[in-house]
Structures are given as C-alpha cells and as structure tokens.
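Student: only geometry, no sequence info:
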C-alpha cells in the first residue's frame with residue numbers, strides 16, 4: 001500500500017479511533033497518543049492491509065491492545081510507593097532503580113526487549129512469543145539470561161558502591 005492509498009483508506013478511520021480511545025482512556029492527551037501509536041503500527045504493516053478483510057476492525061483491535069498496554073503499565077507503577085513528605089521511597093531505592101535501568105539498557109537487544117515486555121510492560125509469554133516470533137523455549141532462555149545478567153551486574157555494581 002502506497003502513501004496515497006494509505007491516506008485515502010486509513011486516515012478517515014482516525015476520527016473513529018480517537019472517539020473510541022477517548023471512551024477507553026477518558027483522557028484526551030492519552031487518547032491522542034494511543035491513536036498516534038495505532039496509526040504508526042498500521043503504517044508499519046501497510047503491505048498487509050490490502051489483503052486484510054476489515055482494516056477498521058484491525059485498527060480498533062490494535063487501539064484496544066495499546067490501551068491495555070498503557071493500563072498495565074499504569075497498574076505496575078501504581079503499586080510503587082510514591083514520594084511523599086515522609087520520603088517513604090528513599091533516595092537509595094531510587095538510585096537502585098536507576099542502576100537496574102542502566103543495566104537493562106546494556107543488555108543484548110533481544111534480551112532487553114524480552115525483559116522489558118515481560119517485567120516492565122506486563123505482557124504475557126504468549127503475547128511476547130507472537131510479537132517477537134520466537135519459540136517458548138527461546139523466550140524462557142532469553143528471559144532467564146537477562147534476569148541473571150541484571151542480578152550479577154547489580155550485585156557487582158552495588159558492592160563496588162559500598163566499598
């Protein structure tokens with residue numbers, strides 16, 4: 001699908017997507033972001049859209065999945081202690097989280113992607129397998145390697161910080 005066909009077939013769906021995103025999220029800025037991500041995903045798979053029987057239904061499914069991802073991410077962060085006047089979330093805990101984030105950024109790309117999808121974004125194993133296109137065994141191995149590397153590096157760097 002070329003740009004002009006994409007603009008003619010897909011861009012008119014945007015208004016309905018925005019309305020649905022507003023219903024799902026209730027926040028206009030979040031709704032706009034999710035619609036934009038949906039449009040980017042549709043652009044990425046534009047070569048497959050010509051043969052798809054119902055592009056609008058596909059777009060709505062992608063939108064719903066993006067909204068679910070955002071909800072999952074918010075649920076994960078909602079469980080974390082927030083900064084208050086009593087400082088329940090200490091500076092040390094924040095620096096540990098930053099250190100883990102740096103370690104994750106230095107993992108090999110596949111391990112990094114698998115770890116982020118599973119532990120940060122909250123995807124289920126089946127979802128990750130379908131996105132990445134790997135076997136369940138490969139997913140398990142990459143996740144295990146990523147966790148082990150993060151643990152080893154965290155312990156090593158934490159020990160060197162306290163000396």
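Tutor: It's in. Note that the structure is a prediction, hence the values are computed from the model and not measured.
Student: ok, and for the lowest-mean-pLDDT helix or strand in the chain, which residues are buried?
Tutor: Between all helices and strands in the chain, the lowest mean by mean pLDDT, DSSP states H and E belongs to helix 91-105, at a mean of 80. Residues of helix 91-105 classed as buried under the neighbour-count rule (16 or more other Cβ atoms under 10 Å) are 99, 100, 103, 104. C-betas here are computed from N, CA, C, even on glycine.
Student: who does that helix touch, helix- and strand-wise?
Tutor: helix 109-115, helix 136-162 (3 or more Cβ pairs under 8 Å, 6 or more residues apart in numbering; DSSP states H and E).
Student: Quick check: the most centrally placed residue in the chain vs residue 152, distance?
Tutor: Of all residues in the chain, the one closest to the mean position by Cα atoms, centre = their mean is residue 121, 4.8 Å from it. Going from residue 121 to residue 152 by Cβ to Cβ, to the nearest Å gives 23 Å.
Student: State the pLDDT value of the residue nearest to the centre of the chain.
Tutor: Residue 121 is assigned a pLDDT of 83 by the prediction.
Student: who's in contact with it?
Tutor: 69, 72, 73 (Cβ atoms under 8 Å, 6 or more residues apart in numbering).
Student: Return the distance of it relative to residue 69.
Tutor: 6 Å.
Student: From the opening residue of stretch 110-120 to its closing one, how far?
Tutor: The first residue of stretch 110-120 is 15 Å away from its last residue (Cα to Cα, to the nearest Å).
Student: Any regions of the chain where pLDDT drops low?
Tutor: Residues of the chain meeting the criterion pLDDT under 70: 77-94, 161-163.
Student: how about residue 53, secondary structure?
Tutor: Secondary structure for residue 53, judged by DSSP: H, G, I helix; E, B strand; the rest coil, is coil.
Student: To what extent is it buried, counted in neighbours?
Tutor: 6 (other Cβ atoms under 10 Å).
Student: Then residue 43?
Tutor: 13.
Student: how is this structure carved up into domains?
Tutor: 3-78, 91-162 (automatic domain parsing).
Student: Residue 127: what's its closest spatial neighbour, skipping adjacent residues?
Tutor: residue 117 (7.7 Å; Cβ to Cβ, 6 or more residues apart in numbering).
Student: Pretty sure the one you found sits against residue 129.
Tutor: No - using Cβ atoms under 8 Å, residue 117 makes no contact with residue 129, being 10.3 Å away.
Student: Alright, I will stop here.
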